[in-house]
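# structural data only, the sequence is not supplied:
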């Protein structure tokens, strides 16, 4: 399960937020800033950065970014990171994704 940590308030923005996931084999995270809606349907995410991935069995790769910077009629503001990691010594890999969605005043992670 993902966790959201480290946010501090700066004006309307929650800054330096870190979304991460960790288990016995891998860790993965990214940082970003977000704000809830100030008027109807204008929640936003900005400054996706600091993607990391660690893996006890070797390589781990990441890709991601802001998928929708500002909430609109198509859906919430949204950022996500996909990570791929070896899960055993034979080289089997798994891929997973973590992300955040901000819609009006609701913030959800996965």
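Cool, the structure landed. Note that the structure is a prediction, hence the values are computed from the model and not measured.

# partner residues bridging the residue nearest the centre of the chain?
For the chain, residue 99 is the residue whose C-alpha lies nearest the centre (Cα atoms, centre = their mean; 3.8 Å). The bridge-partner assignment for residue 99, based on DSSP bridges, gives residue 80.

# skipping its backbone neighbours, what lies nearest residue 31 in space?
Spatial nearest neighbour of residue 31, chain neighbours left out: residue 50 (4.2 Å); criterion: Cβ to Cβ, 6 or more residues apart in numbering. For the C-beta atoms, the positions are set from N, CA and C on the backbone; glycine is no exception.

# residue contacts, the one you found?
Contacts here follow Cβ atoms under 8 Å, 6 or more residues apart in numbering; on that basis residue 50 touches 18, 29-31.

# give the bridge partners for residue 5, please.
residue 18.

# distance check, it against residue 31.
Distance, residue 5 to residue 31, by Cβ to Cβ, to the nearest Å: 10 Å.

# so what does residue 97 look like in phi/psi?
phi -140, psi 140 (degrees, to the nearest 10).

# let me see the confidence value for the residue nearest to the centre of the chain.
As summarised for this prediction, residue 99 has a pLDDT of 97.

# my guess is it contacts residue 78. True?
Yes - with contact defined as Cβ atoms under 8 Å, residue 99 reaches residue 78; the gap is 6.5 Å.

# if we can go back for a sec, among the contacts of residue 50, which ones are in strands?
Using DSSP state E, the members of the contacts of residue 50 that fall in strands are 18, 29-31.

# top of those by neighbour count?
Comparing these on neighbour count, residue 30 comes out first with 24 neighbours (neighbours: other Cβ atoms under 10 Å).
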